[in-house]
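Participant: I need the structure of the sequence given here:
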Amino acid sequence: MWIFVFCVFLKVMKKKYRKGFFSLERGCDYSKNFFLKGEGDHIKQKLFGDNQNMWKSIRPQVQDWLSNNWWRWEEENPEW
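Facilitator: Below you'll find the model as predicted:
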């Protein structure tokens, strides 16, 4: 019964939203994409909400980004 209801749910759903239920992207790749593909500091900072092991491979890039922008953020004091 559960499988039937789920199939009906997918059939009724708008096609553009179906991709949100299925993805081959791993969790660590999803986490790293916030930083690597994010445009703007407010997007890149979302990386820190995830476990550090998820983005361990890009740690040097994150450290460079932090050290290059820290003083600017101290002056601007963004909401995030």
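
Participant: where's the residue nearest the centre of the chain, which helix or strand?
Facilitator: By C-alpha atoms, centre = their mean, the chain has its centre lying nearest to Phe34, at 4.0 Å. Secondary-structure assignment from DSSP states H and E places Phe34 in helix 27-36.

Participant: any idea of the mean pLDDT in that helix?
Facilitator: This predicted structure assigns helix 27-36 an average pLDDT of 88.

Participant: correct me, but Gly38 touches Lys44?
Facilitator: Yes: the pair Gly38 / Lys44 is scored as a contact, 4.4 Å apart, by C-beta atoms under 8 Å. Any C-beta I mention is one placed from the backbone N, CA and C, and that applies to glycine too.

Participant: the two: who's more crowded?
Facilitator: Lys44 (19 against 14; other C-beta atoms under 10 Å).

Participant: list the helices and strands whichever strand or helix holds that one packs on?
Facilitator: According to DSSP H and E, Lys44 maps onto helix 41-44. Identification of packing neighbours for helix 41-44 by 3 or more C-beta pairs under 8 Å, 6 or more residues apart in numbering; DSSP states H and E yields helix 27-36, helix 59-76.
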